[in-house]
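S.K.: next comes the sequence, and after it the predicted model I'd like to discuss.
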Amino acid sequence: MAEERESYERRHLFGLVARTAFAGAALAQTAPAQETRMPDGRLIFSVRQFGAAGDGKTKDTAAIQRAIDASSAARGGIVYFPPGEYLTGSVVLKDHVTLYLESGATLVGSRDLSDWTSFPAPGGAPGGRGGRHLIYAEKAVNVGIMGAGRINGSADAFYRKRTEAEHPGDYQGRMEGGRVAAFWSVPLARPNTLIAFRECTGVRLYDVLLTSTCNWTFRPIMCDGVFVRGVTLRTPLEVPNSDGIDPDGCTNVLISDCNISTGDDGICLKNNISGRMSRNITVTNCTVETTCNGLKIDEARGDGGFENITFSNCVIHCAESPDQNRAISGIHIDSGYDGGRVAGVVISNISMYQVRSPIFIRSTARTRGRGPAPGANAPPVSLKYGVIRDIMINNVFATGQTITNSITGLPDHDLENISLSDIHIAAKERGSSELARKQVPELPEDYPEASMFSRVSSYGLYCRHIKGLKLRSIEFELLEPDMRPALICDDVKNLDVNSFAYATPGSGEPGIRLIGVKRAFIQSCVAPPDSATFLQVEGKDTGKITVIGNDLSEAAKGVSIADGVPAGVVFEAANRPAKS
């Protein structure tokens, strides 16, 4: 019923606005009391009648704000923008007010930073960027922006492109990782998020085109009931921090049917507010082009975090020049700061093209605001370990991987209950034989990014410090030769590997390496042709490895047990034997 009513209201709104548009110049002379009404009695207010020029030269800030204030005083309504360019500084939405941008109408952000008001930023302004927003609302009820028009943030006024001499040394190494966007430009004094709603209830963003933003684009902060649908977003690919949609500490959020192109994270769930949970969030049917991360859960803080999150039916791809603009990760989950918590995440039906690392999950021990490292005689800093548990990822197809997928906790602080199923990933990293025995560092306090370990010792998936890991119907394909094992599990408890398929490593390395794994069950796998060893078991802490019902006939050796592994911990049954 709620969807039917919403659809009914939107149809009426479009019809009423269309009839209003035909009124042309006469509309500007009409008093508010004589305006066309919505079915629920709300009035339609044209910004023209409040003095907006719409010529792209005159600053229409005051006129737009007068229209918003009049609509609010009338207990809510539609603030209507007929075709034209409306140059503006910051405006504030109020209760029950919706901005409607007609096709051909553009709201253009001022190129003068002083026209952007600095609003408060709860929980601190990420990156120290301040709180200057073009459209802002605080503690408002039922506010929104909709229509076939556009909002232009005038990004080119607030950054410059780097010269060749200014590019850092690792610029040419962007294929291996790095924060691509940050290499290409230098931010100047600039605004913060283009559109920010703080502590609002009932937020709607429908159909508009958001373009040319020099920082985050849309950030609802501590809001309840956020609906984003049909939005097209185009930010410059070379601008750092130009995130797409960043719900921060919000509940009951639905983001659907959006088309996003950005130089930073596409859709990034954040929780910068200590003590608050972000929960009941759905992202579905979206296309994300990015040079950073596609779908991201990030910055859980303190005793807050994320619960009940769903990503589904999304496409993630790189920019037009894949060798230069390749996305860093498709699915990114980290535990944030100060012991943040992520639990109850379901991700399904995701397709990726030219994404460096399709899946990246990382628990951290970061503490926000630590300051410089303590001196030799200073007491040690107590690390706060994040929690990640109950994550399900299924039905993923990705091609063009150049950074190994990784799922990593920290020593004595395991991730819990991680499940991957029905996944096909094609890789072309071309890892060397030397990398196959690399000792991967822990890096508990480093910024979590898929490139943080550089290259690791497996080509498909690297898993460490996990309690409860299920890998079912997973296949790793090699587009170019790679010398490393397909899968490494290190310090994993309760491992279930079922129908795991992989391309043969080119150096005689085993397909699967288990290091210090306890209670593993490996079944229904098929060793690929010309493989050396299907499974290698290592580590004195290994315990209860069961290998049953696998076809090992194409491998030179089925199971190899390294020195130091306790006797009798590996049990084999009903396997089709290896060649030797």
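M.R.: Yes, it's here.
S.K.: pop out the phi and psi values for D156.
M.R.: The phi/psi pair for D156 (degrees, to the nearest 10) reads phi -60, psi -10.
S.K.: center of the protein, which residue is that?
M.R.: Taking C-alpha atoms, centre = their mean, the centroid of the chain lies closest to K296, which sits 2.4 Å from it.
S.K.: can I assume it sits in a helix?
M.R.: No - counting by DSSP: H, G, I helix; E, B strand; the rest coil, K296 is not found in a helix; it is strand.
S.K.: please name the bridge partners of it.
M.R.: In this entry, K296 is beta-bridged to C268, H332, by DSSP bridges.
S.K.: also K557?
M.R.: Applying DSSP bridges, one finds that K557 bridges with T533.
S.K.: what sits against it?
M.R.: For K557, the contacting residues are 532-534, 578-580, by C-beta atoms under 8 Å, 6 or more residues apart in numbering. Backbone N, C-alpha and C define where each C-beta goes, glycine included.
S.K.: of the residues you listed - the most surrounded one?
M.R.: F534 (27 neighbours; other C-beta atoms under 10 Å).
S.K.: which neighbours in the sheet does the helix or strand containing I388 have, and how are they oriented?
M.R.: Taking DSSP states H and E as the criterion, I388 maps to strand 387-401. Using DSSP bridges, strand 387-401 pairs in its sheet with strand 341-353 (parallel), strand 415-427 (parallel).
S.K.: closest to S274 out of those?
M.R.: strand 341-353 (11.8 Å; C-beta to C-beta).
S.K.: distance from the closest one to the middle of the chain?
M.R.: How far strand 341-353 lies from its chain's middle: 10 Å, per C-alpha atoms, centre = their mean, to the nearest Å.
S.K.: which element follows it toward the C-terminus?
M.R.: Using DSSP H and E, the next helix or strand after strand 341-353 towards the C-terminus is strand 355-362.
S.K.: can you give me the helices for the stretch 51-200 of the chain?
M.R.: Under the criterion DSSP state H, counting those that start in this stretch, the stretch 51-200 of the chain contains helices at 61-73.
S.K.: which residues of it fall in strands?
M.R.: Along the stretch 51-200 of the chain, the stretches classed as strands by DSSP state E, counting those that start in this stretch are 55-59, 77-81, 84-88, 91-92, 97-101, 105-109, 135-138, 141-147, 150-152, 159-161, 185-187, 195-198.
S.K.: same deal with the stretch 201-350 of the chain?
M.R.: Under DSSP E, counting those that start in this stretch, the stretch 201-350 of the chain gives strands at 201-206, 209-211, 218-221, 224-229, 232-234, 251-256, 259-262, 267-271, 277-284, 287-290, 293-300, 305-317, 327-334, 341-353.
S.K.: pipe these into CSV and attach distance to E442 and mean pLDDT per row.
M.R.: Below are the strands of the stretch 201-350 of the chain laid out as CSV (distance: least, C-beta to C-beta, whole Å; pLDDT from 0 to 100):
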stretch, distance to E442, mean pLDDT
strand 201-206, 40, 98
strand 209-211, 39, 98
strand 218-221, 32, 95
strand 224-229, 37, 98
strand 232-234, 36, 97
strand 251-256, 33, 98
strand 259-262, 31, 95
strand 267-271, 24, 95
strand 277-284, 27, 97
strand 287-290, 28, 94
strand 293-300, 20, 94
strand 305-317, 22, 97
strand 327-334, 15, 94
strand 341-353, 19, 97
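S.K.: do you know which of the ones you listed lies nearest S451?
M.R.: Closest among the strands of the stretch 201-350 of the chain, using C-beta to C-beta: strand 327-334, at 6.5 Å.
S.K.: that closest one - contacts with which helices or strands?
M.R.: strand 293-300, strand 305-317, strand 341-353, strand 355-362, strand 387-401 (3 or more C-beta pairs under 8 Å, 6 or more residues apart in numbering; DSSP states H and E).
S.K.: let's see it at 10 Å
M.R.: In this structure, strand 327-334 packs against strand 287-290, strand 293-300, strand 305-317, strand 341-353, strand 355-362, strand 387-401, strand 405-408, strand 415-427, with contacts taken as 3 or more C-beta pairs under 10 Å, 6 or more residues apart in numbering; DSSP states H and E.
S.K.: can you put those strands in CSV and add distance to G153?
M.R.: Output for the helices and strands packed on strand 327-334, formatted as CSV (distance: least, C-beta to C-beta, whole Å):
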stretch, distance to G153
strand 287-290, 18
strand 293-300, 21
strand 305-317, 23
strand 341-353, 28
strand 355-362, 26
strand 387-401, 31
strand 405-408, 34
strand 415-427, 36
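S.K.: these: which one's closest to L487?
M.R.: Relative to L487, the nearest member of the helices and strands packed on strand 327-334 by C-beta to C-beta is strand 405-408, separated by 9.8 Å.
S.K.: quick one: distance of that closest one to the chain centre.
M.R.: That offset, for strand 405-408, works out to 16 Å (C-alpha atoms, centre = their mean).
S.K.: in the sheet, which strands lie alongside the longest strand along the chain, parallel or antiparallel?
M.R.: For the chain, the strand with the greatest residue count under DSSP state E is strand 461-478. If you go by DSSP bridges, strand 461-478 pairs up with strand 405-408 (parallel), strand 415-427 (parallel), strand 487-502 (parallel).
S.K.: give me whichever of those is most buried.
M.R.: strand 405-408 (a mean of 26; mean count of other C-beta atoms under 10 Å).
S.K.: bridging residues for R160?
M.R.: V186.
S.K.: could I get the contacting residues of it?
M.R.: By C-beta atoms under 10 Å, 6 or more residues apart in numbering, R160 lies in contact with 166, 185-188.
S.K.: and if you look at V91?
M.R.: For V91, the contact set (C-beta under 10 Å, 6+ apart) comprises 60-65, 67-69, 79, 99, 107, 117, 133-137.
S.K.: can I have the buried ones of those as a PyMOL selection?
M.R.: Here is the PyMOL command that picks out the buried ones among those, judged by 16 or more other C-beta atoms under 10 Å:
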select buried, resi 60+61+63+64+65+67+68+69+79+99+107+117+133+134+135+136+137
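S.K.: give me the number of residues near the residue lying closest to C314 once chain neighbours are set aside?
M.R.: Spatial nearest neighbour of C314, excluding adjacent residues (C-beta to C-beta, 6 or more residues apart in numbering): C286 at 4.9 Å. By other C-beta under 10 Å, 26 other residues sit near C286.
S.K.: nearest to Y462, out of the strands of the stretch 51-200 of the chain?
M.R.: Nearest to Y462, of all those, is strand 185-187, at 32.5 Å by C-beta to C-beta.
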